[in-house]
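Trainee: here is my input; please provide its structure:
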Amino acid sequence: MLQQLLAGLIIIFFLVRLLWQKQKKQINANEFVFWLIFWLIALVAIASLKWLDRIVSELGFSGSGIQLLLYIAIAILFYFIFRLRLRLEKMERDITKIIREIAIKEKK
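Mentor: Have a look, this model is predicted:
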């Protein structure tokens with residue numbers, strides 16, 4: 001229970017920081033909505049750990065709900081890293097193309 005309370009307080013802190021960044025216009029509306037939904041889902045998941053424990057045990061797994069959340073979080077992180085890598089690769093190709101065009105124009 002103490003761990004859930006502590007995690008909830010940390011998530012609330014992140015939500016407050018998110019609102020503060022939105023007011024200072026440090027993030028755009030899409031980023032705000034994404035992170036708001038992310039942190040609210042995290043808050044709901046932490047609050048419903050006993051329910052998750054029950055579901056995991058009914059499915060026959062030996063782990064707990066928090067382990068399930070950890071596995072899901074790791075999978076999501078790897079997905080985001082993959083997407084980020086693809087985006088960086090595309091940016092590098094675009095930059096190379098632009099530099100090549102500039103070099104050809106300067107050579108003429």
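
Trainee: show me how far whichever strand or helix holds residue 35 is from its chain's centre.
Mentor: Assigned by DSSP states H and E, residue 35 belongs to helix 29-47. From the chain centre to the centre of helix 29-47 is a distance of 9 Å (Cα atoms, centre = their mean, to the nearest Å).

Trainee: pLDDT averaged over that helix, what's the number?
Mentor: Mean pLDDT, computed over helix 29-47, is 91.

Trainee: that helix packs against which elements?
Mentor: Other helices and strands packing on helix 29-47, by 3 or more Cβ pairs under 8 Å, 6 or more residues apart in numbering; DSSP states H and E, are helix 2-23. Glycine gets a C-beta too; all of them are placed from N, C-alpha and C.

Trainee: and the helix it packs on with helix 29-47, angle?
Mentor: Interaxial angle, helix 2-23 versus helix 29-47 (axes from the mean of the first three to the mean of the last three Cα atoms, to 10 degrees): 170 degrees.

Trainee: name the residues of helix 2-23 that are buried.
Mentor: 7, 11, 15, 18, 22 (16 or more other Cβ atoms under 10 Å).

Trainee: in space, what's closest to the fourth one - neighbours in sequence excluded?
Mentor: Using Cβ to Cβ, 6 or more residues apart in numbering and skipping the chain neighbours, the partner closest in space to residue 18 is residue 35 (5.4 Å).

Trainee: same check on the first one?
Mentor: Nearest residue to residue 7 in three dimensions, chain neighbours excluded: residue 46, at 4.7 Å (Cβ to Cβ, 6+ apart).

Trainee: and the one you found, how many residues sit next to it?
Mentor: By the criterion of other Cβ atoms under 10 Å, residue 46 has 20 neighbours.

Trainee: check contacts around it.
Mentor: Residues near residue 46 by Cβ atoms under 8 Å, 6 or more residues apart in numbering: 4, 7, 8, 11, 69.

Trainee: redo the buried residues of helix 2-23 as a markdown table? Include distance to residue 28 and pLDDT.
Mentor: Formatted as a markdown table, the buried residues of helix 2-23 follow (distance: Cβ to Cβ, whole Å; pLDDT from 0 to 100):
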| residue | distance to residue 28 | pLDDT |
| --- | --- | --- |
| 7 | 28 | 86 |
| 11 | 22 | 92 |
| 15 | 17 | 94 |
| 18 | 12 | 94 |
| 22 | 9 | 93 |
